[in-house]
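[1] need a structure here:
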Amino acid sequence: MDEIRVFPIIIIKDKGSNEYPYFVEIPDIDGMTEGKSVADAMEMAKDYIGTFSLENKLPESNTKLPKAGEGAIVTLVTVNVSEYKRKNDNQVVKKTISIPNYLNELGKENKINFSEVMTAALKKKLSV
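    Coordinates of the predicted model:
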């Protein structure tokens, strides 16, 4: 079962910024990010939380909306932490594969890094 977390965020429009005018505060993890639009700001908050989860323990979900200044957007974002980790965890895992012996011999003669070739092939096959 996937681990789903919910956190409040505060979005404030910075009228002085043109490229990323939406500042996002993620109070539960003391995080900040920004976005090009409200929707982008929400996605950036989700990505920030997901990235944070790769190296830190997330607090429990919190659905209580914090108080914010006038004009601020206060909302909740949901992050599927399990899915984020599956898609973004670069930890290397050992896999055993079977290939024809002649390819193994040619690869060794040509100093081929089999892990590198397999990673590249999988990325191409999966369009990532």
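[2] what does stretch 49-59 contact?
    Contact with stretch 49-59 is made by 5, 7, 26, 28-29, 31, 77, 79, 81, 84-85, 88-89, as judged by CB atoms under 8 Å, 6 or more residues apart in numbering. Quick note: C-beta positions are derived from backbone N, CA and C, even for glycine.
[3] out of the residues you listed, what pair is the most spread apart?
    By the measure CB to CB, the contacts of stretch 49-59 have their two most distant members at 28 and 89, which lie 21.9 Å apart.
[4] next secondary structure after the host helix or strand of residue 23?
    Per DSSP states H and E: residue 23 is located in strand 22-26. Heading C-terminal from strand 22-26, the first helix or strand you meet, by DSSP H and E, is strand 31-35.
[5] now do that next one: which elements does it pack against?
    The contact analysis (3 or more CB pairs under 8 Å, 6 or more residues apart in numbering; DSSP states H and E) places strand 31-35 against strand 22-26, helix 38-55.
[6] could you check the angle the longest one makes with strand 31-35?
    Using axes from the mean of the first three to the mean of the last three CA atoms, to 10 degrees, the inter-axis angle of helix 38-55 relative to strand 31-35 is 140 degrees.
[7] give me the distance from helix 38-55 to the chain's centre.
    7 Å (CA atoms, centre = their mean, to the nearest Å).
[8] on the C-terminal side of that helix, identify the next helix or strand.
    Downstream of helix 38-55 (by DSSP H and E), the next one is strand 73-80.
[9] can you give me the mean pLDDT across that following strand?
    Throughout strand 73-80, pLDDT has a mean value of 97.
[10] residue 81 - how many residues pack around it?
    17 (other CB atoms under 10 Å).
[11] quick one: contacts for the residue nearest to it when sequence neighbours are not counted?
    With CB to CB, 6 or more residues apart in numbering as the criterion, residue 81 has its nearest non-adjacent residue at 4.4 Å, and that residue is residue 3. By CB under 8 Å, 6+ apart, the residues touching residue 3 are 80-82.
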